[in-house]
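Chemist: Sharing a model prediction with you, sequence too.
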Amino acid sequence: MSDWGFAFRIAAGGFGMVFFLLVVLSFLVWATSQAVLRLTKEKSKPQS
């Protein structure tokens, strides 16, 4: 027979891992966009 408790634990672990990876990915995308915005602002400043 199936051990439903173990099956639910594995399913919850996989579900939680997906959301954890989505949070990490969103943070990386945000950090990259901030870096790109800062670099492009510095290059567009006139030299005086």
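Modeler: Now that the structure is in, tell me what you want to look at.
Chemist: what's the spacing between the residue nearest the centre of the chain and residue 41?
Modeler: Geometric centre of the chain, nearest residue: residue 25, 1.8 Å, by C-alpha atoms, centre = their mean. From residue 25 across to residue 41, the span is 25 Å (C-beta to C-beta, to the nearest Å). C-betas here are computed from N, CA, C, even on glycine.
Chemist: what do you get for residue 30?
Modeler: Applying C-beta to C-beta, the value for residue 30 to residue 41 is 17 Å.
Chemist: again, but for residue 4
Modeler: Between residue 4 and residue 41 the distance is 55 Å, computed by C-beta to C-beta.
Chemist: Let's test this: mean pLDDT of stretch 37-48, rounded?
Modeler: For stretch 37-48, mean pLDDT is 78.
Chemist: oh, and call the first residue 495 from now on, that's how I've got it
Modeler: Sounds good: first residue 495 from here, last item stretch 531-542.
Chemist: So for residue 499, what pLDDT did the model give?
Modeler: Looking at residue 499, its pLDDT stands at 94.
Chemist: quick one: which helix or strand includes residue 499?
Modeler: Secondary structure from DSSP states H and E places residue 499 in helix 498-538.
Chemist: next one: that helix to chain centre, how far?
Modeler: 1 Å (C-alpha atoms, centre = their mean, to the nearest Å).
Chemist: what helices or strands is it leaning on?
Modeler: Applying 3 or more C-beta pairs under 8 Å, 6 or more residues apart in numbering; DSSP states H and E, one finds that helix 498-538 contacts no other helix or strand.
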